[in-house]
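>>> Whatever this is, show me its structure:
(one chain, ligands or ions: 1)
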Amino acid sequence: MAAYATCSIEFDPMTTVENSSSALPTHALPSYLQADHLGPWGNYLQQIDRVTPYLGGLARWVETLKRPKRILVVDVPIELDNGTIAHFEGYRVQHNLSRGPGKGGVRFHEDVTLSEVMALSAWMSVKNAAVNVPYGGAKGGIRVDPGKLSRGELERLTRRYTSEIGLLIGPSKDIPAPDVNTNGQVMAWMMDTYSMNVGATATGVVTGKPVDLGGSLGRVEATGRGVFTVGVEAAKLIGLPIDGARIAVQGFGNVGRIAGRLFAEAGAKVVAVQDHTGTIVNHSGFDVPALLEHVNSTGGVSGFSSGEALSSADFWSVECEILIPAALENQITKANAGGIKARLVIEGANGPTTTDADDILNDNGVLVLPDVIANAGGVTVSYFEWVQDFSSFFWSEDEINARLVRIMQEAFAGVWQVAREHKVSLRTATFIVACQRILHAREMRGLYP
Ligand code: GLU
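Prediction:
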């Protein structure tokens, strides 16, 4: 990803026309939008190319999906505790707003680039449409290693970033949420900063807030619960019993640990876990609550007493039935896809599988539950949180979980049906359902002026 760090972004001043069959010229995509820029955005464009033949008349609008609607790059200067001034690069990308306000998380990571945030924003458009929540897609991020900042520095960084992107965000404009390395506290600072700037407490400007500040019960667990829910549905359809199934999880943050815990509670065995501190394996299955305690006290899975260490490359070929990549993009590649033994891959992360790897898995009969449906539980409960904030009426956790499970099951059943009808992968099927919804909204709204 470092190969296309985006400090100097060349914006193409040329305008384009939506329908390339007209007599007017369609200018080539600017270089930073092209698929041969390998990485998440290139991966996303390949996914759009695959869905295009299934869009019928709506295909005339498909160019919309290849260009983010709006990109904001901001300088985020803060004073460090030692008195020096540090500058960080921040982004907010609104990929598509046809179906509603922008919605998507904010990532703090040292590898964040504009290209990555663009792809993540586009996957939010697809994901939100796939589960039919009334949002467009957006994403934000700052290129920073938050582990190197004090709490005060992190707060100043978050507040300055929020002010800088204040042009774009708002409860009915674009609603950020947690993503990699951001959490309820970061959302509380964002909500407070936005509220101070507009002169009124605006809880609905972000989701994933602490429950005492207008957050929703069940939001922290929602992504992992959604991963578990679609995993159980898919396992039923392929005749794979969850009881006794062996699970390998990459990433033991908010998504991986909740999904792992729920599968273990349903009788599965978590046999391998990889995070930034290392890879551990235990063929008879980990004691997941004990592993969670170890991670909470030491900061990672490495050194957990009942596990053996494994090389990070060997993680991918561990004997298991279910593999859950729940970390970052581009983890399952053509280098490791062929060795994967699982029958089911459930993408807890966004963009963990490259297109080449997707094809290898498909050829090998491995069923991939794509990110744009598998990890949509988080944004689904974000939607519930936003609705609760608007109405100032809060629901019980049971009600939230029941609604979440219903939405995930219905969305998954719909996608499964489309995959069978067209004989395509679940990824392409999800894109068919979602892109039709987005482009239908686009067509009905029409172009302005
Ligand atoms: N960051 C999460 C995702 O990638 C949640 C986004 C949201 O709740 O808006 O889906």
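>>> just the strands in the stretch 201-350 of the chain please.
Using DSSP state E, counting those that start in this stretch, the strands of the stretch 201-350 of the chain run over 246-250, 269-275, 278-281, 308-310, 322-325, 344-346.
>>> And these: which comes nearest residue 155?
Smallest distance to residue 155 across the strands of the stretch 201-350 of the chain (C-beta to C-beta): 25.6 Å, for strand 269-275. Backbone N, C-alpha and C define where each C-beta goes, glycine included.
>>> can you list contacts of stretch 437-448?
With contact meaning C-beta atoms under 8 Å, 6 or more residues apart in numbering, stretch 437-448 is reached by 18, 55, 58, 61-62, 64-65, 96, 98-99, 125-126, 129, 132.
>>> cutoff 7 Å now
55, 58, 61, 62, 64, 65, 96, 98, 99, 125, 129 (C-beta atoms under 7 Å, 6 or more residues apart in numbering).
>>> Correct me if wrong: the first one contacts residue 62.
Spelled out, that is residue 55. Yes: with contacts defined as C-beta atoms under 7 Å, residue 55 counts as touching residue 62 at a distance of 6.2 Å.
>>> Would you format the contacts of stretch 437-448 as TSV with neighbour count, pLDDT and secondary structure included?
Output for the contacts of stretch 437-448, formatted as TSV (neighbours: other C-beta atoms under 10 Å; pLDDT from 0 to 100; DSSP: H, G, I helix; E, B strand; the rest coil):
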residue	neighbour count	pLDDT	secondary structure
55	19	98	coil
58	18	98	helix
61	20	97	helix
62	19	97	helix
64	20	96	helix
65	27	98	helix
96	28	98	strand
98	21	98	coil
99	22	98	coil
125	32	98	helix
129	30	98	helix
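>>> Which member of those residues is positioned nearest the ligand?
Nearest to the ligand, judged by C-beta to the nearest ligand atom, of these is residue 125 at 11.3 Å.
>>> so what's that closest one up against?
Residue 125 touches 95, 96, 136, 137, 438, counting by C-beta under 7 Å, 6+ apart.
>>> what about the residue lying closest to it once chain neighbours are set aside, neighbour count?
Excluding its sequence neighbours, the residue lying closest to residue 125 (C-beta to C-beta, 6 or more residues apart in numbering) is residue 137, at 2.8 Å. Using other C-beta atoms under 10 Å, residue 137 is surrounded by 32 other residues.
>>> what residues are up against residue 250?
256, 274, 315, 324, 325, 326, 327, 331.
>>> switch the cut-off to 10 Å
Going by C-beta atoms under 10 Å, 6 or more residues apart in numbering, residue 250 touches 256, 272-275, 279, 312, 315-316, 323-328, 331-332, 348-349, 352.
>>> One more: residue 170?
101, 102, 194, 198, 202, 204, 205.
>>> Identify the farthest-apart pair in the residues you listed.
102 and 198 (17.2 Å).
>>> Now name the helix or strand holding the residue of the stretch 251-400 of the chain found nearest the ligand.
The stretch 251-400 of the chain approaches the ligand most closely through residue 382 (3.2 Å), counting by C-beta to the nearest ligand atom. Per DSSP states H and E: residue 382 is located in helix 377-391.
>>> Closest one of the contacts of stretch 437-448 to residue 301?
residue 125 (33.3 Å).
>>> The longest helix along the chain near the ligand anywhere?
For the chain, the helix with the greatest residue count under DSSP state H is helix 397-422. No: figure legend: helix 397-422 not in contact with the ligand (C-beta under 6 Å from any ligand atom); closest approach 12.2 Å.
>>> Quick check: what element follows that helix along the chain?
Once the chain leaves helix 397-422, the next helix or strand it forms, by DSSP H and E, is helix 426-445.
>>> Let me have the contacts of residue 170 in JSON lines, extended by pLDDT.
As requested, the contacts of residue 170 are exported to JSON lines (pLDDT from 0 to 100):
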{"residue": "101", "pLDDT": "98"}
{"residue": "102", "pLDDT": "98"}
{"residue": "194", "pLDDT": "98"}
{"residue": "198", "pLDDT": "98"}
{"residue": "202", "pLDDT": "98"}
{"residue": "204", "pLDDT": "98"}
{"residue": "205", "pLDDT": "98"}
